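1. Here is my input; please provide its structure:
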Amino acid sequence: MPDVSPTEAAQTYEVEAAFEAAMPTRELTLREAREWLEELCRAEDLDTPDLQVARLKPAFEAAALPDEWCLLVANMAPTQHTLLHELSHLACANRGHGREFRTQLVRYLRRWVSVDHAADLHARFMSAGLSVDPFAATR
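-> Numbering: from 1, shown residues only. I've put the predicted structure just below:
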């Protein structure tokens, strides 16, 4: 059973799209992305997922496959935000787009991109009425 309604998931995507337009994150080559994920996962105590380029539906930039512990990307140069979005799905017990997911994504942005990026996305979630844990000013 999903942790959020389809409407809440759609709102989460809308907020993230506006965030990414306003505060884009770096595009990484596949090699850079794999190296970054390895470093990140080691520090976060996660097994590093396999990263593959795949043909996805036009509406999707990427997908997380928990059973295969794999991230699929449609683009040869995924953004940090896209990778962190998908990794957040793998890191959460409930793999949907609810509060746990949004909190994890903000946490990853804070640690692996910038405090400014994390604060902006957190504020956007809050403004849209989407629940997220309080923003931590320190690690």
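2. So what does the residue most central in space within the chain look like in phi/psi?
-> Nearest to the geometric centre of the chain sits H85, at 1.2 Å (CA atoms, centre = their mean). Note on H85: backbone dihedrals following degrees, to the nearest 10 are phi -60, psi -50.
3. and what of L51?
-> phi -120, psi 120.
4. same thing with the one 5 residues further on?
-> As for L56, its main-chain torsions (degrees, to the nearest 10) stand at phi -110, psi 170.
5. which residues touch the closest residue to it other than its chain neighbours?
-> Excluding its sequence neighbours, the residue lying closest to L56 (CB to CB, 6 or more residues apart in numbering) is A74, at 4.5 Å. Heads up, the C-betas are built off the backbone N, CA and C, glycines and all. A74 makes contact with V53, A54, R55, L56, F60, E61, A62 under the criterion CB atoms under 8 Å, 6 or more residues apart in numbering.
6. can you pull the pLDDT of A74?
-> Looking at A74, its pLDDT stands at 92.
7. re the thing from before, wait, doesn't the residue nearest to the centre of the chain sit right on L105?
-> Yes: counting by CB atoms under 8 Å, a contact exists between H85 and L105, whose distance comes to 6.1 Å.
8. Tell me where this protein has helices.
-> In the chain, the helices defined using DSSP state H lie at 6-22, 30-44, 80-91, 99-112, 115-127.
9. Tell me who's in contact with the residue nearest to the centre of the chain.
-> Applying CB under 8 Å, 6+ apart, the residues contacting H85 are E16, A62, L105.
10. Apply 6 Å and report the result again.
-> By CB atoms under 6 Å, 6 or more residues apart in numbering, no residues touch H85.
11. Show the pLDDT at it.
-> In this model, H85 carries a pLDDT of 96.
12. And the one 4 residues further on, by the same measure?
-> Per-residue pLDDT puts H89 at 95.
13. Please apply the same query to K57.
-> 88.
14. now swap in the one 4 residues further on and tell me
-> In this model, E61 is scored at 89, pLDDT.
15. what do you get for F135?
-> Reported pLDDT for F135: 83.
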